Structure formats: structure tokens, C-alpha cells
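Asks: I'd like to go over a predicted model; first the sequence, then the structure.
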Amino acid sequence: MDITPFTIDVPDTEVRDLQARLANTRWPTDVATDWSRGTPVSYARTLVDRWANEFDWAAQQERLNAFPQFVATIDGQPIHFVHVRSGVAGATPLLLAHGYPSSFVEFSRMIGPLVDPAAHGGRAEDAFHVVIPSLPGFGFSTPVTSAAWGIKRTANAMDAIMQALGYERYGIGGGDIGAGIAEELCLLAGERIIGSLVVTDPGAIATEYTPPTDHLTPEEQERLQSLKAARAEDFGYLALQTTRPQSIAYGLTDSPVMQLTWIAEKIREWTDPAKELPEEAVDVDQLLTLVSVYWFGKGGAGAANFLYEAMHSEASWGRTHDRPQGFVSFGREPLVRRVLDPNHERAYWNEHAEGGHFPAMEQPGLFVGDVRAFFATLR
């Protein structure tokens, strides 16, 4: 495996091109001024103005480059990852896998507390060596060089990277696609996986992939159906990207406003429902950094194709393994545990009223606490 150091270095010409595209946006009209049809133009104009005139990409690039980064080439595919080793002897190796629409940027505020817990209100024995990859097609793991980079192949690549870094045994944490990566690693890597911490939210039980629910009471079944109904119109993004990813790739690659609003709408929809706007749920500069990484890396097309591959490949869920598995749910909903852990069999379970689908950005402190607590039980 070829692993080389990597530094984010977006040319000034690309930054100027982004500025020009934002300035020359062709705006649609607002048919509805709320979020029922997607990101409203009035809000999009405000966020684009901030991206164009207040956001400092150079400062954010410098902040991200403070973390050691590398690119591994596997089967011809560049896979970017952050690798920060702790100075604490005996620290636990930890792989953090992001979901959609996300990247390594999501976990950036967790790195310090995980690597150096004593400096962030924790105990030295809770230290981790942290590895955060960008899944193929996401972040700077671009371009995608061939088809079939779905969950199983990606999990194999992640395991190969961890072994190449010298980590024969390691833990894993992740949600959304990252949860699928975690499950696949438990199946294929076996004893090399210390434990897997899955991050979830109420939306996870409101899809067609919800586990069997025959054990629920009639009242709970009714509640579950109401959750599914509320999410029904939210899945247009998935239907499109898992069937015709190339059709949307042109817009996501050519229009920064489309890429921005495509992600901002999901941030607004999937974060803590008590937060009205995306910038109330997550730090707006972190959001714009996440979108900028998508834009500069042409990750919108890569992410869409990853979802296509995931939908057209064998699922990991349903097969069994013996690796300790914990769950953390952000956004309290009583049915989450009733559906995902009805017999209280998980090695670890915790729920938070705050947060949602992006806890590493919404509630990084709480997420760090769960990582520490779960893996402390496995030492």
C-alpha cells in the first residue's frame, strides 16, 4: 500500500472561481417561502452571501492542516485520511467513519479531546489514536477511479489502512453510512475489532430498512407509522442518487449554490428539531467548511455514486458477529431503543435529548463522552 503525506492546498484560482460562480448565480423564484419544497431562496441568498463575503477558506484550510493527513492508494483509488496519534502510552486506536452528507470535517472538533483527554477535562487512560478517513468519493478521496466502491469494499480498505498503520486491534465508531462500515468491519475483521459504537437518531427507525417491529404494542406501531409518514417526503434525495447519480452529478459539480443548498437542507432537516435553522444546530463556519471540501473535491458526484453502489450491493445488516456493540441515540425518541435494542442486549446504550443526525458537529462533547464510556468498558 502506498501511503503519502497530504496537505490541503486549494489553488487560489479555484477559490476565485468559486467566488465568481457565487457572484453570478442564476436564482430561481420562491414558490414557497418555507422549507417544504427544499431550501428557500431567501435563506439560500443569506447563506451564499456569508460563504462569499464572510467565510475565510484560507483560515479553515490552515485549521484542518493542523491535523496530520495522508492518502493511501488502494486498487488505484486515493483514500484520504486524518491520522493523529496520542502521546499517551497505551492509547486505543479508533477509526471514525462518517456518513452522508458528511466528511472528515464533521469530526474535527472531537480530535483534541479524544487524543489528549487530560487537556480537555478527561482522564489520560481514555486517550485514542484517531484515524478519520474520507470514504471513496467524499472529501479528498477523489476522484473515484472505478465502480463498485460500496460499503464492503470500503470496509476492506479501511481495515487494510489500519493494519498498515500498525493497529492490529482497533475500535470503530460511526453513524449513517459509517454504521454500515462499522457493521461490515465487525464481520470481516473479527477479533481485530475491539468494539463498535453506532451513532443513531430517530430517523433511523423511520425508513423501509427498519428492523422487524412485531413486538411493538398497537400504540407504538401507530407512533412508528407517524414517524415514517413524517419522513416520507424526505427521501427524494436518496431515490435520485441511488438510481441516477450521474444525472445530479452535473449540477453538484458545476453549481456551488446547488451543492450548498443540497447539504444545508439536510442539516436543517436532520439536526435537533428544536433548532430552526442550520446555523442554530451547527457552527456555520464548520458547515461552510464541510460544503467547501465537497466543492473543491467534487465530492457531490462521488457521494451520489457511493450511495448508488451501497444500494446495489449486499447489505451487512442481518448477519451476525460477536463484536461488542454500543448504540448512542441523539434526539430522544422512546421507540428508538424499542426498535433497535428491545431486549437490552447491546454492550452499551445511551440516549441524549439534544442533537440529531450530525452529533459530531451538533454535540461533540456528548459524543466524546460516549466514546470514552463505551471503550472504557472494553479495556
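Replies: Arrived safely, thanks for sending. Residues are numbered from 1 along each chain as shown.
Asks: Mind jotting down where the strands sit in the stretch 1-150 of the chain?
Replies: Along the stretch 1-150 of the chain, the stretches classed as strands by DSSP state E, counting those that start in this stretch are 2-6, 69-74, 77-84, 92-97, 128-133.
Asks: buried set for the first one?
Replies: Residues 3, 6 are the ones in strand 2-6 that count as buried (16 or more other Cβ atoms under 10 Å). C-beta: built from backbone N, CA, C; applies to glycine.
Asks: ok, residues contacting it?
Replies: 68, 69, 70, 71, 72, 73, 80, 140, 161, 164 (Cβ atoms under 8 Å, 6 or more residues apart in numbering).
Asks: switch to 7 Å and redo it
Replies: 69, 70, 71, 72, 73, 80, 164 (Cβ atoms under 7 Å, 6 or more residues apart in numbering).
Asks: Likewise for the last one?
Replies: In this structure, residues lying in contact with strand 128-133 by Cβ under 7 Å, 6+ apart are 79-86, 91-97, 104, 107, 111, 114-115, 158, 161-162, 165.
Asks: Pull the distance from that strand to the chain's centre.
Replies: 14 Å (Cα atoms, centre = their mean, to the nearest Å).
Asks: And the strands in the stretch 251-379 of the chain, which stretches?
Replies: 325-330, 348-352.
Asks: Which neighbouring elements make contact with the shortest one?
Replies: Counting contacts by 3 or more Cβ pairs under 7 Å, 6 or more residues apart in numbering; DSSP states H and E, the secondary-structure elements packed against strand 348-352 are strand 325-330, helix 364-376.
Asks: Pick the most deeply packed of the ones you listed.
Replies: strand 325-330 (a mean of 25; mean count of other Cβ atoms under 10 Å).
Asks: State the paired neighbours of it in the sheet, together with their directions.
Replies: Sheet neighbours of strand 325-330, with direction, are listed as strand 193-200 (parallel), strand 348-352 (parallel) (DSSP bridges).
Asks: What mean pLDDT does it get?
Replies: Averaging pLDDT along strand 325-330 gives 97.
Asks: now the angle between helix 364-376 and it, please.
Replies: Orientation of strand 325-330 against helix 364-376 (axes from the mean of the first three to the mean of the last three Cα atoms, to 10 degrees) gives an angle of 160 degrees.
Asks: Please export the C-alpha coordinates of strand 325-330 as PDB.
Replies: Output in PDB follows, covering the C-alpha atoms of strand 325-330 (Å, rounded to 0.1, in the frame of the first residue of the first chain):
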ATOM      1  CA  GLN A 325     -21.600  -3.200  20.000                       C
ATOM      2  CA  GLY A 326     -22.800   0.000  21.600                       C
ATOM      3  CA  PHE A 327     -25.500   2.400  20.400                       C
ATOM      4  CA  VAL A 328     -25.900   6.100  21.100                       C
ATOM      5  CA  SER A 329     -29.100   7.900  20.100                       C
ATOM      6  CA  PHE A 330     -29.200  11.700  19.700                       C
END
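Asks: residues in contact with that strand?
Replies: 195-201, 336, 340-341, 346-352, 354-356, 359, 363, 370, 374.
Asks: That strand: how far from the chain's middle?
Replies: That offset, for strand 325-330, works out to 15 Å (Cα atoms, centre = their mean).
Asks: I'd like the numbering to begin with 210 instead of 1 from here.
Replies: That works, and once the first residue is 210, the last one we named lands at strand 534-539.
Asks: Where does pLDDT dip in this protein?
Replies: Filtered on pLDDT under 70, the chain yields the residue ranges 524-527.
Asks: Okay, the residue of it positioned farthest from its centre and residue 368: tell me how far apart.
Replies: If you look at how far each residue of the chain sits from its centre, by Cα atoms, centre = their mean, the farthest one is residue 427, at 33.9 Å. The gap separating residue 427 from residue 368 is 44 Å, by Cβ to Cβ, to the nearest Å.
Asks: try residue 243
Replies: From residue 243 to residue 368 the distance is 45 Å (Cβ to Cβ).
Asks: who has more neighbours, these two?
Replies: Neighbour totals were compared for residue 243 and residue 368, and residue 368 leads with 21 against 8 (other Cβ atoms under 10 Å).
Asks: Please find the angle between the direction vectors of whichever helix or strand that one is part of and strand 211-215.
Replies: Assigned by DSSP states H and E, residue 368 belongs to helix 360-373. Interaxial angle of helix 360-373 relative to strand 211-215 (the same axes, to 10 degrees): 80 degrees.
Asks: quick one: the helices in the stretch 210-359 of the chain?
Replies: Taking DSSP state H, counting those that start in this stretch as the test, the helices found in the stretch 210-359 of the chain are 221-232, 250-262, 266-273, 320-324.
Asks: Give me the contact list for the shortest one.
Replies: Where contact means Cβ under 7 Å, 6+ apart, the residues beyond helix 320-324 that reach it are 276, 293, 295, 303, 329, 331, 336, 337, 339, 577, 580.
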